[in-house]
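Participant: how would this look folded up:
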Amino acid sequence: MPYTQSPTPRRNKRSSKATRSSKIAEALRQTILRGDLKPGSKVNLDQLREHYDVSLSPLREAISRLVAVGLVEFVDQRGYYVAPVSVENLREVTALRAMCEGRALAESIAGADVEWESEVLAALHRLDRIRRDPGDQTTIENWEAAHTEFHMALIAGCDMPMLQSFCATLHNLNDRYRRILIRRHAGDRDVQGEHDAIAQAAVARDAEGAVELLRKHIERTGDNLLRHLKNQLDAGEEVQK
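Facilitator: Reported below is the predicted structural model:
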């Protein structure tokens, strides 16, 4: 019987498409979080298709993922736009993040084990070792990645996947405001000290104390962001990095 090469399974094609869409979604997510794509600006599909050298299908799939997490909005008969920023939205994001991340942290501490404790302390150590240099984009991106990793490690023990996913979405939305609004401003807080205190209370199984520290940490950031956002809006400045 002559040898006949089997066709490539369809699942491989779907997997390739999914991988391509995932990579594009992550690249666009970072571009939006950095403020390279300005809040409220139109998402030009043709330009992005040429930039990433892909067809419209995986590009639309990637953008639909960003719509699902609130970073892009779809307007009927007008297309896709980077989600705008506003005082009202920032207040809501801050309040929801403090509430949801606090609950997730409490759940993590309730089911804590040595592995979770080790991951929290390891993530804290990696974050503490990074120094941000405003003139070096690599150090900023490394800190941002470690910062997200630390906050997600705190709630990794929460046995509520939907809550964890919602917390990750809110963290991204909150980070976009922070990265756009206060990158150019000197910090007025000991953020490292705040992170250290949250982690130490968490691994000590002090749920009430850890949640309260986390809440204050999130709300302090929200207050700073609101101040900078209002200042820019009052001055008639365009909100961008």
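Participant: where along this structure do the strands fall?
Facilitator: 72-75, 79-82 (DSSP state E).
Participant: any idea which of the ones you listed is most buried?
Facilitator: strand 79-82 (a mean of 17; mean count of other CB atoms under 10 Å). From N, CA and C alone the C-beta is placed, and that goes for glycine too.
Participant: Who are the contact partners of Glu141?
Facilitator: For Glu141, the contacting residues are Gln30, by CB atoms under 8 Å, 6 or more residues apart in numbering.
Participant: what's the pLDDT at it?
Facilitator: On pLDDT, Glu141 comes in at 87.
Participant: which secondary structure elements does the lengthiest helix in the chain contact?
Facilitator: When every helix of the chain is counted residue by residue (DSSP state H), the longest turns out to be helix 207-234. Helix 207-234 sits against helix 87-110, helix 161-181, helix 191-203, with contacts defined as 3 or more CB pairs under 8 Å, 6 or more residues apart in numbering; DSSP states H and E.
Participant: now with 10 Å?
Facilitator: Judged by 3 or more CB pairs under 10 Å, 6 or more residues apart in numbering; DSSP states H and E, helix 207-234 is in contact with helix 87-110, helix 137-154, helix 161-181, helix 191-203.
Participant: just the angle between it and helix 191-203, please?
Facilitator: 150 degrees (axes from the mean of the first three to the mean of the last three CA atoms, to 10 degrees).
Participant: So which bits of helix 207-234 are buried?
Facilitator: For helix 207-234, the neighbour count (16 or more other CB atoms under 10 Å) marks 207, 209-211, 213-215, 217-218, 221-222, 224-226, 228-229, 232 as buried.
Participant: quick one on the thing from earlier: distance to Ala62 added to the helices and strands packed on helix 207-234, as CSV?
Facilitator: Below are these laid out as CSV (distance: least, CB to CB, whole Å):
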stretch, distance to Ala62
helix 87-110, 23
helix 137-154, 20
helix 161-181, 15
helix 191-203, 32
